[in-house]
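**Q** heads up, no residue letters with this:
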Ligand SMILES: [Zn+2]
């Protein structure tokens, strides 16, 4: 399960929460210090040392990309965006990332691709 880092908008407490991919984005996150639900996701440096981390990073990129694109998902656009992001970050995203981008660029939806990939956890 990936850990997401947050900063509380109220008391600025920095904390991390483990959220399964399934729940990420629709599970409320509450500050453990003051109980405030207004928190901001802290996007840290991508850790690529562990293959599971890389995979979970990939899943959250997909989720974020889908939110940015809205309901009318255009896989080709998302694929291009992800390829551009990986080029700009200079990080080696690995075989699976390239495969996902490739599938997106051929018009597969991120939901289809997620179903094909092995379950995280
Ligand atoms: Zn707080």
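**A** That came through fine. Given the structure is predicted, the values throughout are model-derived calculations rather than measurements.
**Q** For residue 8, give its distance to the ion.
**A** As judged by Cβ to the ion, to the nearest Å, residue 8 and the ion stand 3 Å apart. To be clear about C-beta, it is placed using only N, CA and C from the backbone, and glycine gets the same treatment.
**Q** can you pull the contacts of the residue of the chain most remote from its centre?
**A** The C-alpha centroid of the chain is most remote from residue 34, which lies 26.2 Å away (Cα atoms, centre = their mean). Contacts for residue 34 were tallied using Cβ atoms under 8 Å, 6 or more residues apart in numbering; they are 8, 10, 11, 13.
**Q** before we move on, what about residue 100?
**A** By Cβ under 8 Å, 6+ apart, the neighbours of residue 100 are 58, 62, 79, 82, 110, 113, 117.
**Q** okay, these in JSON lines with neighbour count and secondary structure next?
**A** Below are the contacts of residue 100 laid out as JSON lines (neighbours: other Cβ atoms under 10 Å; DSSP: H, G, I helix; E, B strand; the rest coil):
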{"residue": "58", "neighbour count": "24", "secondary structure": "helix"}
{"residue": "62", "neighbour count": "21", "secondary structure": "helix"}
{"residue": "79", "neighbour count": "22", "secondary structure": "helix"}
{"residue": "82", "neighbour count": "23", "secondary structure": "helix"}
{"residue": "110", "neighbour count": "22", "secondary structure": "helix"}
{"residue": "113", "neighbour count": "20", "secondary structure": "helix"}
{"residue": "117", "neighbour count": "15", "secondary structure": "coil"}
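**Q** quick check, nearest of these to the ion?
**A** residue 62 (29.0 Å; Cβ to the ion).
**Q** excluding its backbone neighbours, what's nearest that closest one?
**A** residue 110 (4.5 Å; Cβ to Cβ, 6 or more residues apart in numbering).
**Q** my read: that neighbour touches residue 78, true?
**A** Yes: the pair residue 110 / residue 78 is scored as a contact, 6.5 Å apart, by Cβ atoms under 8 Å.
**Q** Thanks again, I'm all set now.
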